[in-house]
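Participant: When you get a sec, could you give me coordinates for this:
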Amino acid sequence: MGIFFAILSPALYSVVNYVDKFLLEKYHIHPTVIALYSGSVAAVASLGILFFTGFHLFPFMTSLILITSGFLTMLTLIPYFKALSLDETSRVIPLFQMVPLFVLVLSFIFLQEVMTMKQYIGSFCIIFAAFLLSVEKVDAKIFRLRKAFFYMVIASVLSAISLILFKVGVGEIDFWHTLPYEGLGIVLGSLAIISYKDNISTLLVQTKKLPKKLFLFISLNEVIFVSSRYTAFFALSLIPASLVSVLSGFQPFFVLCLGVILSLFIPHLIKELLSKETILLKVFASVIILIGIYLIS
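Facilitator: Residues are numbered from 1 along each chain as shown. All right, here's what the predicted structure looks like:
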């Protein structure tokens with residue numbers, strides 16, 4: 001059950017990837033603005049859950065851990081966007097595959113999560129395959145020690161710590177009661193991003209320029225994003241954080257499959273240009289993922 005939800009999360013998030021890409025290219029929405037809209041939807045979702053579960057006070061440390069988890073999730077966007085501003089997207093996105101590696105280490109140190117050697121081999125198969133699926137071509141320049149690389153290391157570490165903290169929190173209290181606290185962290189993180197440089201003016205200017213009907217589309221996309229997050233969180237309540245993080249490596253696979261489908265049926269909106277060499281690389285990586293899943297399960 002936990003593995004199913006851990007794989008469902010990146011499947012949902014792959015839809016968000018393409019919608020974000022469409023919004024960025026067609027309407028030139030600043031990535032930070034999309035992130036802030038996402039934070040707003042997460043806040044509303046947390047209030048909705050709070051309405052049904054009621055407010056419950058928990059030990060201060062547990063509450064602080066969950067709030068910090070949400071805060072770090074949003075804070076991850078600052079070094080991520082900085083990396084995007086310094087380097088090509090095709091060289092930045094694959095570096096997010098460092099997150100499962102950091103989670104494996106942190107979960108071993110702080111959660112005492114230990115897998116079998118077979119599962120560790122399967123995990124590294126999936127991480128390696130996810131990296132191959134993320135890159136447009138295998139290029140040693142991806143690992144060149146440049147500013148963007150170090151920003152992505154920071155982003156990956158923050159993301160990994162966020163996952164570990166939520167795993168700690170969800171181990172202390174009921175799953176549904178963790179979400180409002182994590183949502184509060186998202187709100188605080190959003191406020192931190194708004195206060196960073198001129199982000200608030202960027203948000204106001206772009207909000208005025210966007211067509212009003214577009215906000216419904218954006219809201220639906222962010223609902224899918226929040227659903228993806230909650231699905232991953234539910235998986236964290238069932239299986240080790242290391243496995244949840246490793247299985248997030250399915251996202252590039254789903255992105256690839258969805259890209260092919262969209263290119264076939266709505267090529268006027270989405271058109272993925274895949275060379276023969278790239279397709280062979282993606283197929284090879286997909287086979288490695290299947291091998292990794294077999295070893296883990």
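
Participant: mind checking the backbone torsions on Met117?
Facilitator: Backbone torsions of Met117, given as degrees, to the nearest 10, read phi -60, psi -40.

Participant: per-residue confidence for it?
Facilitator: pLDDT, Met117: 85.

Participant: can you map out the helices along this structure?
Facilitator: If DSSP state H is used as the criterion, the helices of the chain fall at 2-26, 31-53, 60-75, 77-86, 89-92, 98-110, 117-134, 147-170, 175-194, 199-209, 214-236, 241-247, 251-265, 276-296.

Participant: counting contacts, what elements does the longest one pack onto?
Facilitator: The reference is to helix 2-26. helix 31-53, helix 214-236, helix 241-247, helix 251-265 (3 or more CB pairs under 8 Å, 6 or more residues apart in numbering; DSSP states H and E). For every residue, glycine as well, the C-beta is placed using N, CA and C.

Participant: Let's have these in CSV, adding mean neighbour count and mean pLDDT.
Facilitator: Converted to CSV, those look like this (neighbours: other CB atoms under 10 Å; pLDDT from 0 to 100):
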stretch, mean neighbour count, mean pLDDT
helix 31-53, 18, 81
helix 214-236, 19, 86
helix 241-247, 28, 82
helix 251-265, 18, 74
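
Participant: Neighbours of the residue lying closest to Cys257 once chain neighbours are set aside, how many?
Facilitator: Leaving aside its chain neighbours, Cys257 sits nearest to Ser14 (7.9 Å; criterion: CB to CB, 6 or more residues apart in numbering). By other CB atoms under 10 Å, the residues close to Ser14 number 21.

Participant: quick one: Ser14 and Ser248 touch, right?
Facilitator: No: look at Ser14 against Ser248 with CB atoms under 8 Å: they stay out of range, at 11.0 Å.

Participant: Name the helix or strand of the chain that has the lowest mean pLDDT.
Facilitator: One helix or strand of the chain scores below all others by mean pLDDT, DSSP states H and E: helix 89-92, with a mean of 60.

Participant: most tightly surrounded among the helices of the chain?
Facilitator: helix 241-247 (a mean of 28; mean count of other CB atoms under 10 Å).
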